[in-house]
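Novice: Next come a sequence and a model predicted from it.
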Amino acid sequence: MMEEQQTPHKRRVRYKGKYPKKFEEKYKELQPEKYQDTVEHVIRKGNTPAGMHISIMVDEILDFLKIQPGETGFDATLGYGGHTKAMMQCLQGRGHMYATDVDPEESAKTGKRLAEQGFGEDILTIKLQNFCTIDEIAKEVGGFDFVLADLGVSSMQIDNPKRGFSFKVDGPLDLRLNQQKGISAAERLDTIGREELAGMLYENSDEPYCEELAKAIIDEIRRGNRVDTTTKLRQIIEKTLDFLPEKEKKETVKKTCQRVFQALRIDVNQEFEVLYEFMEKLPGALKPGGRAAILTFHSGEDKLVKAAMKEGYRSGVYSSYSKDVVRPSAEECVRNPRARSTKMRWAIRAEG
Ligand SMILES: C[S@@+](CC[C@H](N)C(=O)[O-])C[C@H]1O[C@@H](n2cnc3c(N)ncnc32)[C@H](O)[C@@H]1O
């Protein structure tokens, strides 16, 4: 019998894939106008291409706003400009849209992109200012027929490691929507006390481990180690929750990271304060019969928007409002997983 020749099993080199993994290396996705095929491929796989934002609930928003040519509209949160563009298309070249964003970096890119697509200053005015100044813009232009606010952060902001919004990639712990103003989350942690931090985590994100996490973060800073990167903060969270049973640890750490980063983001950008102010000013900025739609992404935002609309209806400034939230379709959530937590609420300004 022939002796079988034993060749030693050679392990295959792990295939790394042909797509770049690091944000800066995704040069094709970062130039969507030039590399349409790559961008469409990434979207088909249920992902958001780097440097882009997929607008959420566009059909539901347009159905509700019922935009007519000649109207004046306000997009409080320009971002990538997807919603702004869809609303401008309804104007059919007549009327005007105003849009605000506080992010100088992204709003400049969006303004340029929209102008190149034929939506220039004749139809769109972009203002680099907080949406809580809606009253000033409304006064200047005589009120709005329709208003949209798509709260929170854009995918361009989340995905860019230099902005510090994501615990999944290493970067400076910044979390500001405008990096030229205010203080970063790292600087905020430098001076905050333990009790105030625990309160912030609880108030802004209902964080169940707020006490334990606040103690761990402050102890680390007191030992002379600044918590100034996304990785350092994630590692503290992992260490603090190390006592959890193995089977639930991974998921709980992930959810906790999401909540802690969200709480810090809300704090450094004073998100609840400006949203409260915006909701207070909204009825006065709408023309009689004017419509407003708001997309929220967590319970703190949603509660605030709901309460303001309910109060507006009770006092008579709104003729109707959404008693129940409108949610994205199951199909949209599969196509764009970032839509999953979205809730839409709407209100209509009373006539006269
Ligand atoms: C979810 S994104 C909007 C995406 C946009 N609807 C689109 O279709 O591309 C939210 C945007 O709102 C901006 N933003 C958040 N809070 C703001 C505020 N208080 N005033 C103005 N802009 C704000 C963020 O910088 C971000 O660009």
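Specialist: The structure has been received and is ready for your questions. Numbering: from 1, shown residues only.

Novice: Lys287 contacts Gly143, correct?
Specialist: Yes. Counting by C-beta atoms under 8 Å, Lys287 does reach Gly143; the two are 4.1 Å apart. The C-beta positions use only the backbone N, C-alpha and C, and glycine is treated the same way.

Novice: Need the overlap of contacts for the two.
Specialist: Common contacts of Lys287 and Gly143 (C-beta atoms under 8 Å, 6 or more residues apart in numbering): Thr72.

Novice: Quick check, pLDDT for the residue nearest the centre of the chain.
Specialist: The residue lying closest to the centre of the chain (C-alpha atoms, centre = their mean) is Val153, at 2.1 Å. pLDDT recorded at Val153 is 95.

Novice: how much space between it and Met57?
Specialist: Val153 is 17 Å from Met57, where distance means C-beta to C-beta, to the nearest Å.

Novice: Count the residues that sit near the residue of the stretch 151-300 of the chain found nearest the ligand.
Specialist: As assessed by C-beta to the nearest ligand atom, the ligand sits closest to Ser154 within the stretch 151-300 of the chain, at 3.8 Å. When neighbours are counted by other C-beta atoms under 10 Å, Ser154 registers 27.

Novice: Kindly report the same for Lys303.
Specialist: By other C-beta under 10 Å, the burial measure for Lys303, its neighbour count, is 12.

Novice: What is the burial count for Asn225?
Specialist: Asn225: 11 neighbours (other C-beta under 10 Å).

Novice: sorry, back to before: OK, contacts around the residue nearest to the centre of the chain?
Specialist: Phe165, Leu177, Arg265.

Novice: secondary structure element for it?
Specialist: Under the criterion DSSP states H and E, no helix or strand holds Val153.

Novice: Output stretch 218-237 as PDB, restricted to C-alpha atoms.
Specialist: Output of stretch 218-237 as PDB, limited to C-alpha atoms (Å, rounded to 0.1, in the frame of the first residue of the first chain):
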ATOM      1  CA  ILE A 218     -13.600  60.900  38.400                       C
ATOM      2  CA  ASP A 219     -11.200  58.500  40.300                       C
ATOM      3  CA  GLU A 220      -9.300  58.100  37.000                       C
ATOM      4  CA  ILE A 221      -9.000  61.900  36.500                       C
ATOM      5  CA  ARG A 222      -8.000  62.400  40.200                       C
ATOM      6  CA  ARG A 223      -5.200  59.900  39.700                       C
ATOM      7  CA  GLY A 224      -3.900  62.300  37.100                       C
ATOM      8  CA  ASN A 225      -5.100  60.400  34.000                       C
ATOM      9  CA  ARG A 226      -7.200  62.700  31.800                       C
ATOM     10  CA  VAL A 227     -10.100  61.000  30.000                       C
ATOM     11  CA  ASP A 228      -9.500  62.700  26.800                       C
ATOM     12  CA  THR A 229     -10.000  60.000  24.100                       C
ATOM     13  CA  THR A 230     -13.000  57.900  23.100                       C
ATOM     14  CA  THR A 231     -11.000  54.700  23.800                       C
ATOM     15  CA  LYS A 232     -10.100  55.800  27.300                       C
ATOM     16  CA  LEU A 233     -13.700  56.400  28.100                       C
ATOM     17  CA  ARG A 234     -14.800  53.100  26.600                       C
ATOM     18  CA  GLN A 235     -12.200  51.200  28.600                       C
ATOM     19  CA  ILE A 236     -13.300  52.800  31.900                       C
ATOM     20  CA  ILE A 237     -16.900  51.700  31.000                       C
END
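
Novice: So which bits of the least confident helix or strand in the chain by mean pLDDT are buried?
Specialist: Least confident helix or strand, the chain: helix 36-44 with a mean of 75, by mean pLDDT, DSSP states H and E. By neighbour count with 16 or more other C-beta atoms under 10 Å, helix 36-44 contains the buried residues Thr38, Val39, Val42, Ile43.

Novice: for stretch 259-275, same thing?
Specialist: In stretch 259-275, counting by 16+ other C-beta under 10 Å, buried: 259-269, 271-272, 275.

Novice: biggest separation within the residues you listed, which pair?
Specialist: Val260 and Leu275 (20.2 Å; C-beta to C-beta).

Novice: contacting residues around the residue of the chain found nearest the ligand?
Specialist: Among all residues of the chain, Gly79 sits closest to the ligand, at 2.5 Å; criterion: C-beta to the nearest ligand atom. Contacts for Gly79 (C-beta under 8 Å, 6+ apart) come out as His53, Asp101, Glu106, Thr110, Asp150, Ser154, Met156.

Novice: cool, Ser341 as well?
Specialist: By C-beta under 8 Å, 6+ apart, the residues touching Ser341 are Phe297, His298.

Novice: The protein against the ligand: which residues are in contact?
Specialist: Residues of the chain lying close to the ligand by C-beta under 6 Å from any ligand atom are 53, 55, 77, 79-83, 100-103, 106, 130-131, 150, 152-154, 177, 274.

Novice: Using neighbour counts, give me the buried entries of these.
Specialist: Buried by 16+ other C-beta under 10 Å: 53, 55, 77, 79-83, 100-103, 106, 130-131, 150, 152-154, 177, out of those.
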